[in-house]
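A.B. asks: Below: sequence and its predicted model.
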Amino acid sequence: MINDLPKNWITVNLFEISRPTQWKTISISELKPEGYLVYGANGLIGFYDKYTHEKPTVMITCRGASCGNIHVSKPFSYINGNAMALDGLLEECCHLSYLENFLRLRGFEDVISGSAQPQITRASLQIISLPLAPYKEQTRIVEKLEELLSDLDAGVAELKAAQKKLVQYRQSLLKAAVEGKLTEQWRTMQGASSPLSPGGRGVGGEGDQTANSAWLTQRARDLRREQTPMEQSLWQQLRAKRFAGFKFRRQQPIGRYIVDFVCFDQNLIIELDGSQHADASNADAQRDDWLREQGFRVLRFWNNEWLTQQDSVLETIWLALHGAPPLPNPSPTGGEGLKNETGAQLLERILIERRARWEAKQLAKFKEQGKAPSKDWQSKYPEPVKPDTSDLPELPEGWVWSSIGQCFYVGVGATPSRKEPEYWNGEIPWVSSGEVRFVEITNTKELISRSGLNNSSTQINPIGSVLLGMIGEGKTRGQVAILGIEAANNQNCAAIWVPETDIPPEYVYYWLWSRYEETRRGSSGNNQPALNKSIVEKIPFPLPSLNELNVIIGLVSTSLSQIEDQEAAIKYSLKQSAAQRKNILKAAFSGQLVPQDPNDEPASVLLERIRAERATQEKAPKSRGRKSKETT
C-alpha cells in the first residue's frame, strides 16, 4: 500500500506523529444526564462532568466485537478506555482527516488479537505505518475526499434508507396478509352475484357473444399485465421455450375467449382456475367444448394444485405435449373452492382429526401392550389450548381465532449427549436454534445418528414443519423457519407440525414472522428471557378458509420475491459503493487523486522541523496534573 511513494512523500510510523493512549474507563453508572460528550467503543454513549480532550481526536475501538472501528470525537469530549485515542497528533504535518481516512482504508485485521474478546493494544499498533504527503498536498487530498466521499455517502444513506423501508414494507405486507386486509378485495369478489376471476379470467367477460376482436385484444393485453401470482409462477416455467422446447403464448384470444396459456404447435391449452370457477362449471364446460371443436385439447388445474403439486402438474403438461392423452380434469370433490369451509369449520375439522389421530395412537398402544382399552380411556384426551380472545382484534367474516396449540402438535427437541461420539455424525439432520432465522432449511450444520435419536428426547419432524426459536437475548428468540427436509431439532426451538393439517406451512410461517417482536415480548424468565412449549401453544392464530389461505400464500410469496430482488439489488449497490470508496482512498494515498506540486515543502523536511520544535518543547518545564488519568 505504501510502496513506490511519489516524490516528496515519506513513510512514518503511527507513533512518530501521535501518542496512542487509553484513558480511564468510566462505568455507565457514572454517566451524567448532561455535560461533556463521552465516547466509548461504539461512539457516543452519554455525558460526564469532565473531559479528556479539548480538540477533535481520532480514536480506534480497542475492545469487543466492534474492535477496529474509527471515530472522531467532537471538541471537549471524554474518550473512554474502550477506545484508543491518538493523542498528541502532529497536526502541523499530518491532517486529522488525512489520518482518519488512511486508517479506515488500512484496517486492523493484523493488529487485533484475541477471539473470545477481540482487543487492540498500544503495543500492537506499533506495526502501523502510513504514507505522509506534503502538508499542502494533504489539504488538497482531504478536500477532494470530502467532495467525492460526501456524494458517495449520500448515495449510501439513500440505499440504507431504502433497505429500512423494505423491512417496514415486508412487515406491513405480512401484517395485512394475516389480518385479512390483503385479500379484502378477493373476499368481495367471492360474494359478488356474478363471480369473476381477477379481471374476468375464463369465467365471464371475455366470453361475451358481443365482444369484438379489438376489445378482446386490449383485454388480453390488460390480463398479461395483471397476471395472478399463480399465472406468473407457471409462466416462468413455460415462457421462452423453457419447457421441453415448446413455444407457449399467454392470455391469448381464441375466438371469443381468452385462454391462459396455449401451445399452437400441439393445440394444447392450459387453464389455471381460481376458486371462482367452482361456481362457473357450466360456463367453463361450454367454453371447453367450443375450444375442443376448434381442435384444441384443454388442461385445467386448480391454483391449489399448482401451488402444492407443481411436479405433478408439469408432468401432466409434458405428457400432453408429447402426445399422451391428457389426464381427466380435477375431481370436483377434490377441487379448490368446492370445500366452502369457513375458518371456524376448518378449525372444527382439524380438532376432529387431531382427536382421531390421538385415539388411533392410544388404541395402537393398547394393542402393542396386549391390553383392552379402559372404559374411560377417551376422557384422557388432552384438549388443545384455546386462545384468549379478550384482547384480540376482530377478524374478517369467515375467519376465526384459534391458537397454535389448538391447530397443531408442538414438540420441543433435545441435544444428544456430546460425550457420546456415536450419537453424532450420522444420517439424521439436526437443527440448532441458530439455524432458525427466517429461511427454508434444506440442510443442517450437524447430523445425529439413529442411536443419538433413540437416546434423547428429540424426534424427527416432517417436511413442512415450522420451527420457532425459543431462547436467546439476541435475534434468535422469535425467529422462524420452514423445514424443507425431515429433521430433528434441539431444545431451544419448538417444532410446529403443520403438515398434519391442510393449512399451508407458509401461512403459519408468515403469521409468526409478522408477530416477531410480540412473540419475543411474550417470553418468561428474568436472567435469560425464553419461550417454552406452553407459551408457544398459547400463541393466537387467525384462521381463514383454505381457499383464502391459498390466495394469501400466492400474493405474499410474489411480493416477498419482489422484495428479495430489491434487497439483493441494494446489497449489490452497497457492495459497489464500498469498492468505489476503497478505490478512491487507494488513489488518495498513492498520490493519484490530486496533482503533486513541486513547490510543496517535502514531508521529510516538514517532519524534521516539527520534531525539532517538539524537542524544544520537551526541554521546557512540564506542567503538573492531568484532566483525567490515562492508562497504558
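C.D. replies: Nice, thanks for sending it over.

A.B. asks: Every contact and neighbour count from this point should use C-alpha atoms.
C.D. replies: Noted.

A.B. asks: What is the burial count for K380?
C.D. replies: Using other Cα atoms under 10 Å, K380 has 8 other residues around it.

A.B. asks: cool, and E383?
C.D. replies: For E383, using other Cα under 10 Å, the count is 12.

A.B. asks: Could I get the average pLDDT for stretch 244-264?
C.D. replies: Across stretch 244-264, pLDDT averages out at 90.

A.B. asks: Of all the residues in that stretch, which ones are buried?
C.D. replies: 246-253, 255-263 (16 or more other Cα atoms under 10 Å).

A.B. asks: Filter these down to just the ones in helices.
C.D. replies: Among the buried residues of stretch 244-264, no member falls in helices (DSSP state H).

A.B. asks: by contact count, what packs against the longest helix along the chain?
C.D. replies: Looking across the chain with DSSP H, the single longest helix is helix 135-179. For helix 135-179, the elements it packs on are helix 96-106, helix 505-514, helix 546-588, judged by 3 or more Cα pairs under 8 Å, 6 or more residues apart in numbering; DSSP states H and E.

A.B. asks: tell me the most buried of these?
C.D. replies: Mean neighbour count (mean count of other Cα atoms under 10 Å) peaks for helix 505-514 among the helices and strands packed on helix 135-179, with a mean of 22.

A.B. asks: packing partners for the very next helix or strand once past that one?
C.D. replies: Proceeding N to C from helix 505-514, the next assigned helix or strand is helix 516-521, under DSSP states H and E. On a contact count with 3+ Cα pairs under 8 Å, 6+ apart, helix 516-521 meets no helix or strand.

A.B. asks: go with 10 Å
C.D. replies: helix 505-514 (3 or more Cα pairs under 10 Å, 6 or more residues apart in numbering; DSSP states H and E).

A.B. asks: and the angle for the helix it packs on with helix 135-179?
C.D. replies: Counting by axes from the mean of the first three to the mean of the last three Cα atoms, to 10 degrees, helix 505-514 lies at 120 degrees to helix 135-179.

A.B. asks: returning to that earlier point: with mean pLDDT added, can I get the helices and strands packed on helix 135-179 in CSV?
C.D. replies: As requested, these are exported to CSV (pLDDT from 0 to 100):
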stretch, mean pLDDT
helix 96-106, 96
helix 505-514, 95
helix 546-588, 93
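
A.B. asks: Name the spans of the stretch 151-300 of the chain whose pLDDT lies under the cut-off.
C.D. replies: For the stretch 151-300 of the chain, the stretches with pLDDT under 70 are 191-213, 275-281.

A.B. asks: If we use 50, what do you get?
C.D. replies: 192-205, 208-211 (pLDDT under 50).

A.B. asks: Tell me where it has strands.
C.D. replies: 249-254, 257-263, 268-273, 297-302 (DSSP state E, counting those that start in this stretch).

A.B. asks: Including distance to E147, could those strands go into JSON lines?
C.D. replies: Shown next, in JSON lines, are the strands of the stretch 151-300 of the chain (distance: least, Cα to Cα, whole Å):
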{"stretch": "strand 249-254", "distance to E147": "51"}
{"stretch": "strand 257-263", "distance to E147": "55"}
{"stretch": "strand 268-273", "distance to E147": "56"}
{"stretch": "strand 297-302", "distance to E147": "59"}
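
A.B. asks: For E427, find the nearest of those strands.
C.D. replies: Closest approach to E427 among these (Cα to Cα): strand 297-302, 37.3 Å.

A.B. asks: Tell me who's in contact with L268.
C.D. replies: 248, 261-262, 292, 295-299, 317, 320-321, 326 (Cα atoms under 10 Å, 6 or more residues apart in numbering).

A.B. asks: would you list these in a markdown table and tack on distance to L593?
C.D. replies: A markdown table is the format used below for these (distance: Cα to Cα, whole Å):
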| residue | distance to L593 |
| --- | --- |
| F248 | 55 |
| F261 | 58 |
| V262 | 60 |
| R292 | 73 |
| G295 | 72 |
| F296 | 69 |
| R297 | 69 |
| V298 | 67 |
| L299 | 66 |
| I317 | 61 |
| A320 | 65 |
| L321 | 63 |
| P326 | 69 |
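
A.B. asks: Select from these the one having the most neighbours.
C.D. replies: Neighbour max across those (other Cα under 10 Å) = V262, 25 neighbours.

A.B. asks: Ignoring the adjacent residues along the chain, who's closest to it?
C.D. replies: I269 (4.4 Å; Cα to Cα, 6 or more residues apart in numbering).
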